[in-house]
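Chemist: Kindly generate the corresponding structure for this input.
(one chain, ligands or ions: 1)
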Amino acid sequence: MSEAIFEPAQIAPSAEQLAIQLTRARHVLVEANAGAAKTTTLALRIAQALWRGAEPAMILALTYTAPAVQALRTQLRLIGLAPEQIAALRIASFEAFSTALLEAIEGPGTLQLTSLEQVRPYVLRAIERAQSWPEERHPEELVVAGPSTALVEGLLKSFAVLKGRMAIEQLDADSTPSPALAEELGVDYLTLRVRGAYEAIRRGGHPDHPQFRHDGDACYDLARALLREEFVGERSPFALGLALIVVDEMHDTNRAMFTILKALLAHNRRAAFVGVGDRDQVIHSQAGAEAGFMHECFVQEIGAPLRLPLTASHRFGAGLAQAVGALARKPYAAALPLQATELQLLPAESPRVMAQLVARAAQAHLAQSECRELRILLRQPAHSILIERELLKLGIGYGVQGMQAFLQRREILLVRGLQAYVVDDFDGFASKAQRAQMLEALMLFAGAWIESSELRHLDAVSAQRRAIDEAAAQPGWLRDFIEGQVLRNASAFALPRLQAAMEVLRSGDLQAFEQRFMKALDPAGLAGAVLVRRADIEQLRDNIAQLVQLVVGEGEGLDGVFELLHALELAQARLRGNPRVTLSSIEAAKGLEFDHVLIPYLSRGEFVGEGSTAENRNLLYVAMTRARRRLSLAFDPAKPSRYLIEAGLLSN
Ligand SMILES: Nc1ncnc2c1ncn2[C@@H]1O[C@H](COP(=O)(O)OP(=O)(O)OP(=O)(O)O)[C@@H](O)[C@H]1O
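Modeler: Model (predicted):
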């Protein structure tokens with residue numbers, strides 16, 4: 001008897017999609033280009049499993065990011081599954097899935113740290129511990145010349161790679177830390193020792209009860225427990241009675257995720273598996289992601305999979321497929337005709353002209369109805385400042401994704417807060433939330449921690465949150481807080497910089513602001529003392545430099561410009577509702593698609609940031625392949641990005 005086939009609403013699956021939907025092979029892997037309908041085909045496979053009688057809770061879909069969870073839900077809706085069916089499926093990112101499973105095992109209450117700045121004090125404590133360990137056999141290897149704060153960024157990056165790769169856990173049980181072992185792991189000895197101390201602190205001295213978790217730690221802790229066979233004997237929390245497991249974005253899998261996937265397959269023996277990915281979309285190699293988990297590792301550790309193809313893009317036309325194929329140096333077919341996606345090149349000879357061009361493109365977008373959303377994809381957040389100003393000038397409301405609107409960025413809040421303090425006018429911070437964010441920014445850059453005997457019972461992070469929450473309740477309490485907590489507890493390094501910056505602001509002189517403010521505040525120095533990642537420090541400096549440009553460009557008196565900034569924040573909040581224009585990081589757009597995509601600042605020295613060249617190329621590939629109907633690329637004609645030439649869009 002032939003099988004009943006799920007028939008989707010809205011789309012007619014291709015023969016390739018149908019083959020994946022209907023396969024009964026135990027392990028299936030699909031490697032395909034961006035837009036080749038990987039997520040949609042996973043949705044079809046899920047629908048077919050339901051059609052065959054699986055309960056929704058017997059189906060688990062794992063992704064790398066939260067937006068990818070959303071993308072899969074959208075495609076499930078598109079093909080016609082009922083909302084209550086979709087809600088009953090298990091769909092989560094690896095990290096959220098691991099957090100939930102750990103909570104079921106450990107009980108609730110583990111502190112979740114959300115920013116690197118919250119993690120930083122623990123890393124500093126770990127450095128101190130590693131350096132003062134009395135039985136240390138190689139103390140000379142742990143001596144550092146500069147301040148230990150400068151090490152934090154590099155250490156956390158190395159920890160992320162070690163964790164994602166589960167490098168320490170894969171060593172022989174009897175290996176002891178030594179400089180030779182560190183070399184084998186590709187890190188220095190200091191990193192190895194500090195990592196040990198940091199993990200001991202993070203786990204609160206007890207492996208079952210971590211004191212806190214940060215990004216990636218839930219996945220890592222769960223994988224680590226698996227490798228230590230902690231779930232043997234009792235009923236495994238991985239035995240979920242699953243009929244189908246699917247993984248989207250499998251190219252971003254690291255060893256920790258792969259360990260969890262293996263456990264799921266081992267404890268759900270009746271479950272079929274389908275994984276989909278595209279090796280040119282690896283943009284998380286700093287967390288140990290490797291395309292190898294779709295290749296040799298899978299074959300060796302799980303078994304030879306059935307490989308099925310998805311050859312053509314269903315998202316965009318042949319013209320764009322050809323360009324991204326040239327960029328990624330691989331064949332790229334499209335199911336849609338050449339002209340289905342319009343390619344628009346926008347030369348602009350200066351950053352200001354570029355911002356004006358982008359704002360006008362947004363205006364034109366809003367004037368027509370055939371394209372729904374315009375996504376402006378930015379490689380660097382500082383690029384948004386002039387664009388946001390131009391959008392607001394034209395009265396265009398916009399949303400932001402994967403970054404903050406510039407007026408709410410902490411370094412901009414720092415400058416706005418200092419200015420409000422010197423003119424003693426806090427009217428620009430109208431809501432309690434805005435006031436709290438501004439105080440948080442001031443405390444952060446002052447390197448200050450709350451001193452209050454009443455809050456002594458709380459840890460430093462909680463005490464800070466409580467004190468700021470109380471002070472932000474009334475505008476009239478801000479001044480006292482800034483004097484009594486921010487300036488009084490500021491570090492010896494930060495205080496003179498803050499005072500010098502306030503001096504310039506107090507002058508009210510636009511020219512002095514342009515010429516002296518950056519030097520007085522020394523944003524890179526200030527940030528270097530309190531932020532963790534070099535990329536964040538550079539962005540912060542760029543953000544303040546862009547703010548100075550913007551303020552000077554307005555050409556009004558200094559105080560007037562700050563009033564304008566406050567007014568812009570209000571305007572932005574007012575215009576934000578349900579926008580058709582969104583500014584976003586490329587990472588936040590991964591796995592999603594938009595009718596119109598605009599990528600500005602595609603100029604040499606502006607698009608590339610940190611990360612390997614392969615990762616920059618992958619980022620642009622991801623960005624360009626989000627477009628459905630129109631892709632606009634803006635660049636300085638005097639120095640276009642070489643990627644535009646490689647994609648065959650400009651000649652040499
Ligand atoms: N058979 C089909 N007919 C028409 N459109 C389709 C078909 N299958 C998928 N699509 C559409 O093609 C677009 C791309 O699909 P999808 O998002 O699944 O691609 P993807 O390979 O997962 O992309 P990415 O690699 O960027 O995550 C979507 O708009 C989807 O609705």
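Chemist: got a list of what whichever residue of the stretch 151-300 of the chain sits closest to the ligand touches?
Modeler: Closest residue of the stretch 151-300 of the chain to the ligand, C-beta to the nearest ligand atom: residue 278 (5.3 Å). C-beta coordinates here come from the backbone N, C-alpha and C atoms, glycine included. Residue 278 makes contacts with 31, 32, 33, 34, 36, 38, 251, as judged by C-beta atoms under 8 Å, 6 or more residues apart in numbering.
Chemist: Pretty sure residue 644 sits in a strand.
Modeler: No: membership of residue 644 in a strand is not supported by DSSP: H, G, I helix; E, B strand; the rest coil, which gives helix.
Chemist: And it, how close does it get to residue 601?
Modeler: Applying C-beta to C-beta, to the nearest Å, the value for residue 644 to residue 601 is 12 Å.
Chemist: what touches both of these two?
Modeler: With C-beta under 8 Å, 6+ apart, residue 644 and residue 601 have common neighbours residue 635.
Chemist: domain assignment for this protein?
Modeler: Under the assignment named as automatic domain parsing, the residue ranges that make up the domains of the chain are 15-106+223-310, 114-213, 316-398+579-646, 406-575.
Chemist: Now for the contacts of residue 278, which sits with the most neighbours around it?
Modeler: The member of the contacts of residue 278 surrounded by the most neighbours (other C-beta atoms under 10 Å) is residue 36, with 29 neighbours in all.
Chemist: List the residues that contact that residue.
Modeler: Residue 36 makes contacts with 278, 310, 311, 312, 313, 314, as judged by C-beta under 8 Å, 6+ apart.
Chemist: what would the domains of the chain look like in TSV with mean pLDDT?
Modeler: Written out in TSV, the entries for those read as follows (pLDDT from 0 to 100):
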stretch	mean pLDDT
domain 15-106+223-310	92
domain 114-213	87
domain 316-398+579-646	91
domain 406-575	89
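Chemist: I'd like to know which of these is closest to residue 6.
Modeler: Among the domains of the chain, domain 15-106+223-310 comes nearest to residue 6, with 4.3 Å by C-beta to C-beta.
Chemist: end to end, how far does that closest one reach?
Modeler: Across its full length, domain 15-106+223-310 reaches 9 Å between end residues, using C-alpha to C-alpha, to the nearest Å.
Chemist: And the contacts of residue 36, which of them are buried?
Modeler: Among the contacts of residue 36, the ones that count as buried by 16 or more other C-beta atoms under 10 Å are 278, 310, 312, 313, 314.
Chemist: from the residues you listed, which is closest to the ligand?
Modeler: residue 314 (3.2 Å).
Chemist: for that closest one, helix, strand, or coil?
Modeler: Looking at residue 314 with three-state DSSP, the answer is strand.
Chemist: What residues sit buried inside stretch 372-385?
Modeler: 373-385.
Chemist: near the ligand, which residues of the stretch 1-150 of the chain?
Modeler: When proximity is defined by C-beta under 6 Å from any ligand atom, the stretch 1-150 of the chain lies next to the ligand at 11-14, 17, 32, 34-40, 75, 78.
Chemist: The stretch 451-600 of the chain too?
Modeler: When proximity is defined as C-beta under 6 Å from any ligand atom, the stretch 451-600 of the chain approaches the ligand at 591, 593.
Chemist: Identify the residues contacting stretch 614-625?
Modeler: Looking at what lies outside stretch 614-625 - C-beta under 8 Å, 6+ apart - the contacts are 33-35, 280-283, 285, 313, 315-316, 320, 323-324, 327-328, 377, 379, 586-587, 589-590, 597, 599, 602, 607-609, 611, 631, 633, 641, 643, 647.
Chemist: got TSV for the domains of the chain, with distance to residue 652 too?
Modeler: Below are the domains of the chain laid out as TSV (distance: least, C-beta to C-beta, whole Å):
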stretch	distance to residue 652
domain 15-106+223-310	23
domain 114-213	36
domain 316-398+579-646	6
domain 406-575	30
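Chemist: Alpha carbons of the helix or strand hosting residue 265, in CSV - could you do that?
Modeler: Mapping residue 265 onto the secondary structure by DSSP states H and E places it in helix 255-267. Written as CSV, here are the backbone C-alpha positions of helix 255-267 (Å, rounded to 0.1, in the frame of the first residue of the first chain):
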residue,chain,number,x,y,z
ARG,A,255,32.0,19.0,19.7
ALA,A,256,29.8,19.8,22.7
MET,A,257,26.6,19.9,20.5
PHE,A,258,27.7,16.8,18.6
THR,A,259,28.1,14.9,21.9
ILE,A,260,24.5,15.8,22.9
LEU,A,261,23.3,14.8,19.5
LYS,A,262,25.0,11.4,19.8
ALA,A,263,23.4,10.9,23.2
LEU,A,264,20.0,11.7,21.8
LEU,A,265,20.4,9.2,19.0
ALA,A,266,21.7,6.6,21.3
HIS,A,267,18.8,6.9,23.8
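Chemist: end-to-end on stretch 330-350?
Modeler: End-to-end span of stretch 330-350 (C-alpha to C-alpha): 33 Å.
Chemist: circling back to that earlier point, out of the contacts of residue 278, which sit inside helices?
Modeler: Cross-referencing these against helices under DSSP state H gives residue 38.
Chemist: Identify, from the contacts of residue 278, the entry nearest to residue 91.
Modeler: For these, the nearest to residue 91 is residue 38 (15.2 Å; C-beta to C-beta).
Chemist: mind listing what that closest one touches?
Modeler: With the criterion set at C-beta under 8 Å, 6+ apart, residue 38 makes contact with 30, 32, 248, 276, 277, 278, 310.
Chemist: The last one contacts residue 18, doesn't it?
Modeler: No: if you go by C-beta atoms under 8 Å, residue 310 and residue 18 don't touch, sitting 11.2 Å apart.
Chemist: And the nearest residue to residue 303 once chain neighbours are set aside, its phi and psi?
Modeler: Spatial nearest neighbour of residue 303, excluding adjacent residues (C-beta to C-beta, 6 or more residues apart in numbering): residue 27 at 5.9 Å. Note on residue 27: its backbone torsions stand at phi -120, psi 120 [degrees, to the nearest 10].
Chemist: My read is that residue 27 contacts residue 262, right?
Modeler: No: with contact defined as C-beta under 8 Å, residue 27 does not count as touching residue 262 (11.5 Å).
Chemist: list residues touching both of those two?
Modeler: Listed as contacting both residue 27 and residue 262 by C-beta under 8 Å, 6+ apart are residue 302.
Chemist: contacting residues for the nearest residue to residue 554 once chain neighbours are set aside?
Modeler: Computed as C-beta to C-beta, 6+ apart, the closest residue to residue 554 that is not its neighbour in sequence is residue 561, at 4.9 Å. Contact analysis of residue 561 by C-beta under 8 Å, 6+ apart lists 510, 551, 554.
Chemist: Let me have those residues in a markdown table, extended by neighbour count.
Modeler: Output for the contacts of residue 561, formatted as a markdown table (neighbours: other C-beta atoms under 10 Å):
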| residue | neighbour count |
| --- | --- |
| 510 | 18 |
| 551 | 21 |
| 554 | 15 |
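Chemist: Just the ones in helices from those residues, please.
Modeler: Among the contacts of residue 561, the ones falling in helices (DSSP H) are 510, 551, 554.
Chemist: ok, so what distance separates the closest residue to the first one other than its chain neighbours from the ligand?
Modeler: If I follow you right, that is residue 510. Distances taken as C-beta to C-beta, 6+ apart place residue 558 nearest to residue 510, at 5.1 Å, with adjacent residues excluded. Spatial separation of residue 558 from the ligand under the definition C-beta to the nearest ligand atom, to the nearest Å is 46 Å.
Chemist: Isn't residue 558 up against residue 511?
Modeler: No: at 9.3 Å, residue 558 does not count as touching residue 511 under the criterion of C-beta under 8 Å.
Chemist: higher neighbour count, those two?
Modeler: Each of residue 558 and residue 511 had its neighbours counted (other C-beta under 10 Å), and the higher figure belongs to residue 558 (24 against 10).
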